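Trainee: Compute the structure for the input listed below.
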Amino acid sequence: MLRFFRQIRQKLLAENKVSRYLVYAIGEIVLVVIGILIALQINNWNEQRKTANERSKLISALKSDAQTTAERLKVSLQMADDINQDLLKILDILNVEQESVSMDTLKTYTSAVFQVANFRPAMSAYETALSTGDIGLLKNDTLLDTFIEFKNNYDWFVLHQNISGDMVYLGSVWKFRQKLGSTRIFMKNMGDYPKRFGLSDDEFYQSLLEKDVYATFESMQWLIRNQYEALYRANEANARIIDILEEQSQN
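Mentor: Take a look at the predicted model:
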């Protein structure tokens, strides 16, 4: 093609047709410019299509993770609520000193002080996008802010979960265990403990009325309540994330 154009130019020069040569040269330049612009536009379309595909894949991965997180939150919220309700019930029983409550019922509620609500979100897609910079493909400040809100609530949950663990292994629950020999005395259907550590029904109930024991139950109730509230707020944020991602996937 270039050889063909060169031959035309040479022929026009040879025939001394300068004006026609100039017109032809200008036309050739215009064609070259148009060709470059078309090539740039095609490349731009390809880049836009590639970016759109990457964005679509990211949104799909984030939505899948958020849906998995929603399922886990449902279980964890129920677990935290159940533990909290049991702790509230045992505190209520001890507040009014209801000695008529059966030992089986008491142990059902006292078992709650040794339980922990577990939760771990599915965030691999989000964390990978953050590390690679692909999070910028979302171009939605509301969505990014909601992810941060979710993460803050999850961090708050983890903080109180760690405090609960510290109480069990280092704090008041540990002292509780040292005093009794085995916390299984207060737990229903949680295995055997040395018979010499056993308590009569009256001894069991009276031990619950001691200040340090009551304080332990109260502290654990506060912690599980804060965990539940953190999970509740995280669940709300996660629901908004799913809604926004659903909208984004349709655009």
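
Trainee: Which SSE is immediately downstream of the strand or helix carrying L37?
Mentor: For L37, the element it lies in under DSSP states H and E is helix 18-96. Scanning forward in sequence from helix 18-96 by DSSP H and E, the next helix or strand is helix 103-110.

Trainee: Pull out the buried positions in that next one.
Mentor: The neighbour-count check on helix 103-110 (16 or more other Cβ atoms under 10 Å) flags 106-110 as buried. The way it works is simple: take the backbone N, C-alpha and C, and place the C-beta from them, glycine included.

Trainee: again with stretch 135-143
Mentor: Applying 16+ other Cβ under 10 Å to stretch 135-143 flags 135, 137-138, 143 as buried.

Trainee: Same list, the buried residues of helix 103-110, but as CSV with pLDDT and distance to D65 please.
Mentor: Shown next, in CSV, are the buried residues of helix 103-110 (pLDDT from 0 to 100; distance: Cβ to Cβ, whole Å):
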residue, pLDDT, distance to D65
L106, 82, 42
K107, 80, 39
T108, 81, 36
Y109, 84, 36
T110, 82, 37
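
Trainee: what about the strands in the stretch 101-250 of the chain?
Mentor: With DSSP state E, counting those that start in this stretch, there are no strands along the stretch 101-250 of the chain.

Trainee: now it, which segments are flagged as low pLDDT?
Mentor: 189-191 (pLDDT under 70).

Trainee: At which residues are the helices of it located?
Mentor: In the stretch 101-250 of the chain, the segments counted as helices under DSSP state H, counting those that start in this stretch are 103-110, 124-132, 141-169, 172-180, 201-208, 211-250.

Trainee: With distance to A66 as added columns, please give those in a markdown table.
Mentor: Shown next, in a markdown table, are the helices of the stretch 101-250 of the chain (distance: least, Cβ to Cβ, whole Å):
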| stretch | distance to A66 |
| --- | --- |
| helix 103-110 | 35 |
| helix 124-132 | 9 |
| helix 141-169 | 9 |
| helix 172-180 | 35 |
| helix 201-208 | 43 |
| helix 211-250 | 5 |
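
Trainee: and of those, who's closest to N53?
Mentor: helix 211-250 (12.8 Å; Cβ to Cβ).

Trainee: how far is the closest one from where the chain is centred?
Mentor: Its chain's C-alpha centre and that of helix 211-250 lie 12 Å apart, by Cα atoms, centre = their mean, to the nearest Å.

Trainee: tell me the two of the buried residues of stretch 135-143 that are most distant?
Mentor: Using Cβ to Cβ, the buried residues of stretch 135-143 span at most 11.1 Å, a distance reached by L137 and L143.

Trainee: still on that earlier bit, report the angle between the helix holding L37 and helix 141-169.
Mentor: Orientation check (axes from the mean of the first three to the mean of the last three Cα atoms, to 10 degrees): helix 18-96 against helix 141-169 gives 30 degrees.

Trainee: re earlier: nearest to R72, of the buried residues of stretch 135-143?
Mentor: Set against R72, the nearest of the buried residues of stretch 135-143 by Cβ to Cβ is L143 (20.4 Å).

Trainee: what's the closest non-adjacent residue to that closest one?
Mentor: Leaving aside its sequence neighbours, L143 sits nearest to I244 (Cβ to Cβ, 6 or more residues apart in numbering; 4.6 Å).
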